[in-house]
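Fold the stuff below for me.
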Amino acid sequence: MKLGWAAGRVLAKQGKGPVLIGKDTRISGYMFESALEAGLSAAGVDIRLLGPMPTPGIAFLTHNTRAQAGIVISASHNPFYDNGVKFFAGDGTKLPDDVEMDIELELDKPLQPVHSRHLGKARRMTDAPRRYIEFCKSKISPDIDLSNFRIVIDCAHGATYHIAPKVFEELGADVITHAIQPDGLNINDQCGATRPHILQKMVRESGADAGIALDGDGDRIIMVDNKGEIVDGDEILYIIAAARVALLNGAVVGTVMSNLGLEHAIRELDLDFIRAQVGDRYIMEILQRDNLRLGGETSGHIINLDMTTTGDGILSGLQILETMAKTGKTLHELKAGMKKFPQKMINIRIQETVDLSKLDCLADAVKAAETELGEYGRILLRPSGTEPLIRVMVEGEDEKQVEMIVRSLANEVENVIQNTS
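Numbers count the residues shown, from 1 in each chain. Next up is the predicted model:
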């Protein structure tokens, strides 16, 4: 409630438009929604309640309805008991840093509501899903017919459950659905982009052309090809880049976690490949700084600024199907243009924050492993941005060597952390 009030105070100084509030399907969303609504009202700001909506849908509607800001209540791919709050500015991008700083300053002040006659009013935007469905459909070429495709869509019991199936059905596809019965507790539970094993089975058994797995808030996608094999964010990014080379202003943005095979494949398209830190905000910063159009993460967070202002799983899936329709190639054939390097990652749980840069013994171990891998290998140690984990990633040409080195390094990291804690 205090956050809603603080944000409302700052926004009220900038204009008179409403603030949109959307959420995913986790049970605590009711509580967060009501509290934010109360805080914004107390600051004298009008509210539009969207109900369950994908994160990219909230970004679109914020811009489309000329709202001052949009608020997303979601913890993305996390379990139901987590939740969080994200803001979009009026143009559908992240809030400027100076506005975030102003909100933080207001949070330190005592909550004082405006006079009763100036309280903000709230109403529900009942046509929000339909607006976003039509927006998604408008982003595929009008001459593309999806009626020859059978696809399985896994909505993770999340925010896309009532939207994604309709988008693809209305474009003609034969749609089989999975995980579209949210109960507040089952979001991302053995389904969605982080758990596509059931989707793989459904694609194989149904003879589908592709499977689409979205995460809880719908901003990222993992696909399954016609042979039941996973198509991750790196491969999706490559397929989109290969289909849109002339529109990409000379470069594609990945992250430090992107597979080395993606970098090689992008360069073979005569495009530069730029690595950002892990996180869509860092990809977006480079895209905007260098006037680029396309970037993404291995996890399936694809940003195409020609299409929209943030990562959008549904739009990414549509682009892949459009490419399949135009080329006549299967998804398995399209991903074959990128040869993935063996990549292994081990997550090590930690109790408190660890500054890896100050652990000299780890630096020595990494250097020795890099020498062993040679020219076509990479090692990355980094803390997770969302969980108490250290991620140990090793990539190279030889899978057995990669497996051996990642286990050795993970053991080294565990030993060092235990000795320093």
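
Output the contacting helices and strands for the lowest-mean-pLDDT helix or strand in the chain.
Among the helices and strands of the chain, helix 360-373 carries the lowest confidence by mean pLDDT, DSSP states H and E, at a mean of 83. Judged by 3 or more CB pairs under 8 Å, 6 or more residues apart in numbering; DSSP states H and E, helix 360-373 is in contact with strand 378-383, helix 399-420. Bear in mind the C-beta positions are built from the backbone N, C-alpha and C, glycine included.

Now do the last one: everything it contacts.
For helix 399-420, contacts defined as CB atoms under 8 Å, 6 or more residues apart in numbering pick out 342-346, 348, 350, 354, 359, 361-362, 365-366, 369, 372-373, 377, 379, 381, 390, 392-396.

Spell out the residue ranges of the helices in the chain.
Assigned by DSSP state H, the chain shows helices spanning 2-12, 29-42, 55-64, 97-107, 128-137, 164-170, 197-206, 233-243, 260-268, 280-289, 313-327, 331-335, 360-373, 399-420.

Can you give the distance of the first one from its chain's centre?
Here helix 2-12 is found 26 Å from its chain centre; the criterion is CA atoms, centre = their mean, to the nearest Å.

Tell me which other helices or strands that helix touches.
strand 19-23, helix 29-42, strand 69-73, helix 97-107.

Mind listing what's buried along that helix?
Across helix 2-12, burial judged by 16 or more other CB atoms under 10 Å covers 2, 3, 4, 5, 6, 7, 8, 9, 10, 11, 12.

And for it, what's in contact with it?
By CB under 8 Å, 6+ apart, the surrounding residues in contact with helix 2-12 are 19, 35-45, 68-69, 71, 85, 87, 99, 102-104, 106-107, 109, 111, 113, 120.

How about the second one?
Contacts to helix 29-42, defined as CB under 8 Å, 6+ apart, come from residues 1-8, 19, 21, 23, 47, 49, 52, 71, 73-74, 83, 85, 111, 113-114, 119-122, 184.

and with 6 Å instead?
Counting contacts by CB atoms under 6 Å, 6 or more residues apart in numbering, the residues outside helix 29-42 that touch it are 1, 4-5, 8, 19, 21, 23, 47, 73, 113, 119-120, 122.

Out of those residues, flag the one nearest to residue 277.
Distances from residue 277 to the contacts of helix 29-42, taken as CB to CB, are shortest for residue 73 (25.3 Å).

Tell me which residues touch that closest one, please.
So residue 73 contacts 23, 29, 32, 85 (CB under 6 Å, 6+ apart).

how does the protein divide into domains?
Domain segmentation of the chain under automatic domain parsing yields 2-126, 131-335, 343-420.

Report the distance from the last one to the chain centre.
Taking CA atoms, centre = their mean, one finds domain 343-420 lying 25 Å from the centre of the chain it belongs to.

Before I go, just wanted to say thanks for your time.
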